[in-house]
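>>> with the input below, show me the fold.
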Amino acid sequence: MSNVSCSRGAHAFLVALTAGVVSAVTLTVGVTAATAQSAGTPPATTTVRGVVYDSLRSQPLAGALVELAGSNRSVIADRRGAFRLDSVPLGAQRFSFSAPALDSIGLYGFAVDVDVRTNTPALALTTPSFRTFYTRMCAPTERPPADSAIVFGTIYDAMTRARMVRSQVAFQWFAVDTSGGGMRLSEPTRTARTDDQGNYGVCGLPHDLSLTTLAGDTQTASGSVSLTIGNARVLRRDLYVSGELGGDSASLRAGSGELRGVVRDERGGAMVGALLVLTASGHTTRTDSLGRWVFRRVPLGTQEISVRQLGRGALFRTVDIVAGEVPDEQFVLPQATVLAAVNVRSVAIPGRDQAGFLTRQRQGLGYFLNEREIAMRPDIGAALRRLPGLDVRYGPAGLTMRNTRGFQCGAPQIIIDGIPSAAWTRPTAIPLSDTDLGALPTPNLVLETLIPANVKGIEYYPTVAQAPMGFVLGGGPHPCGTLMIWTRFSRW
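Here you go, the predicted structure:
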C-alpha cells in the first residue's frame, strides 16, 4: 500500500472540487453560418441527449439530476444514466449534474461547459476517474495501487468557521500482518497537515476498513470518529475542531453546543428510553415518550454519536456541532439490525471492538471468555460463572453478582459494547444530563436478557489496577472491578 499524503499540487484540485467544476469541454460540431440566428428572431434551440457516468465506481449514475445553468431547465437521468433535455439554446452553455451517490462521498456536483450546436453529439457527463484524483493529489507519475484510497477535505474552527491552517489530521485502522510466517495485529496510521487554505488530503488508505479519524492541533481537536471510504475509493470529509474538545477531560463536560433529534422504529413509532451517547465527551441522554432527545452545553466540533436500545442494537453517526446551529438528527432503529459484511483480505479483519479485546487479552491483565466458550453455556449467568473472582447467583431480583476479590464489594461496573454507564448497574441513580425533556424512568437492564449466542466476548477486571482506563467513568475506576460485555451489535 502506498504511504503518501496529499501532494503540493492538490490545492488547486481541492479548490476546483469545492467550486463544483472539475473539467470543461468544448464541443463544436456540425454548424454553418446558415444556422446562425437572425437579429430579432427567437434564439435557436436544439435537443441535447447524453449519459451521466460515475467514473469512480465504473457505472452509470442512475437518478442523477442534470441542470442547465442560468435557467430552470432540469431533468432526471434514467436507470441507465441517460437523459434528454429539450429546447436548449445554441451557444456556450453549462450543464451541471449531481446525484445521491455522489453526495454520499462528499462530491456534491460537477459542471461541464459545452458549446451547443445543431446536431451536437450525445454528451458524456462524467466524474473524474480515480486515476485523475490520484495523479493530482498523490503521485503524478505513479500508477495508483489497487488497494489505495483517498480522503480529502477542509478543517474548520467550529466556533468561527475559519479554515484551520497547519492543523493535523490522522487516520488509523486495524490490520492483520502475516509477514514472517506469523499473525500480528497492527495499527497503521496516515497523517497530513492542512495547507494555507485549510485543505488536506491523505492517500494510501484502505477503502474497505473502518478508519478512526481525529483532527486538531495543540489547542483544538475534533472527536474521534469512524468512517469507511467505500468502493469509490474517494471520500470528502470536512472536519470541525474546537478548543472545547481540545481541553482536559474535565472541560469536556461543559461546552457551548447543542444537538437534538428524534429516534423512531421502522414504522415511524417513537422509541422511548433509547440511550444516546456522545463518545468524545461522554454525555448521555435518553429519549422521552415522543422519541425526542436533546444535548445541551456539549463541546463544539465533529463527533460521533451512538443510539441504542436493548433488542434493537445500535447505530453510529458522525455529526458536526457548530456554534449558532442546532443540528436535528433523525434515527431509525429497526427491530432486526443488519450487520455489515466481514471484510476479508486472506484473513478476516477484526473490527475496532474485537481488536481492542484481542489486544487486552494479550496483555493478560484480566480474565477473558471468547465467543465459543460463551456459546457453550445455557445462559449468560452460566458463562459469567466461568470468571474467577466473580460470584454469580440467581435470586428473586434476578441475576446478581459480587466481586469476591474486593473488600466489602458488590457488583462490578458493567460496560456493554464499550459504553460505561451507571444505568447498567444502578438504574435509579443515573442522571438525565443535558436534557429538558422531563424526568424519564431509566429502564432496568438485567443481564439475564442477554442470549449467549449474541455475545461475542466477555472480559473481567477484578481490581482497580487492572481496569482499562479508556472505559472508566468520570469518577475513576470502579472499586469493585469492571465487567465488559461485547454483543453482536458492537463493532466486532
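>>> domain assignment for the chain?
Listed domain ranges for the chain are 23-127, 131-241, 249-332, 350-487 (source: automatic domain parsing).
>>> CSV for the ones you listed, including mean neighbour count and mean pLDDT?
For glycine as for every other residue, the C-beta is placed from the backbone atoms N, C-alpha and C. Listed next are those as CSV, based on neighbours: other Cβ atoms under 10 Å; pLDDT from 0 to 100:
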stretch, mean neighbour count, mean pLDDT
domain 23-127, 15, 80
domain 131-241, 18, 87
domain 249-332, 19, 86
domain 350-487, 17, 71
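>>> list the helices and strands the helix or strand harbouring V262 packs on?
Under the criterion DSSP states H and E, the helix or strand holding V262 is strand 257-264. Judged by 3 or more Cβ pairs under 8 Å, 6 or more residues apart in numbering; DSSP states H and E, strand 257-264 is in contact with strand 292-298, strand 301-309, strand 313-321, strand 328-332.
>>> and the next helix or strand past that strand?
That would be, after strand 257-264 and using DSSP H and E, strand 275-278.
>>> just the CA coordinates for whichever helix or strand comes after that next one, please, in CSV.
Using DSSP H and E, the helix or strand that follows strand 275-278 in sequence is strand 283-286. Output of strand 283-286 as CSV, limited to C-alpha atoms (Å, rounded to 0.1, in the frame of the first residue of the first chain):
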residue,chain,number,x,y,z
HIS,A,283,-22.6,13.0,27.5
THR,A,284,-25.6,10.7,27.7
THR,A,285,-29.3,11.2,27.5
ARG,A,286,-32.5,9.2,26.8
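>>> strand 283-286: partners in the sheet, and parallel or antiparallel?
Strand 283-286 sits in its sheet next to strand 275-278 (antiparallel), going by DSSP bridges.
>>> other residues contacting the partner strand?
The contact list for strand 275-278, computed with Cβ atoms under 8 Å, 6 or more residues apart in numbering, reads 223, 259, 263, 283-287, 293, 295, 298, 303-309, 419, 421, 423.
>>> just give me how far stretch 263-282 sits from the chain centre.
Here stretch 263-282 is found 17 Å from its chain centre; the criterion is Cα atoms, centre = their mean, to the nearest Å.
>>> now do stretch 319-338
12 Å.
>>> list the contacts of G109.
Taking Cβ under 8 Å, 6+ apart, one finds 20, 96-98, 102 in contact with G109.
>>> from the residues you listed, which land in helices?
L102 (DSSP state H).
>>> for the contacts of G109, give me TSV that also has distance to Y367.
Output for the contacts of G109, formatted as TSV (distance: Cβ to Cβ, whole Å):
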residue	distance to Y367
G20	56
S96	60
F97	57
S98	54
L102	49
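>>> and the furthest pair within the contacts of G109?
S96 and L102 (11.6 Å; Cβ to Cβ).
>>> common neighbours of those two, please.
Both S96 and L102 are contacted by 109-110, under the criterion Cβ under 8 Å, 6+ apart.
>>> wait, isn't T482 in contact with Q413?
Yes. Using Cβ atoms under 8 Å, T482 is in contact with Q413, at 5.0 Å.
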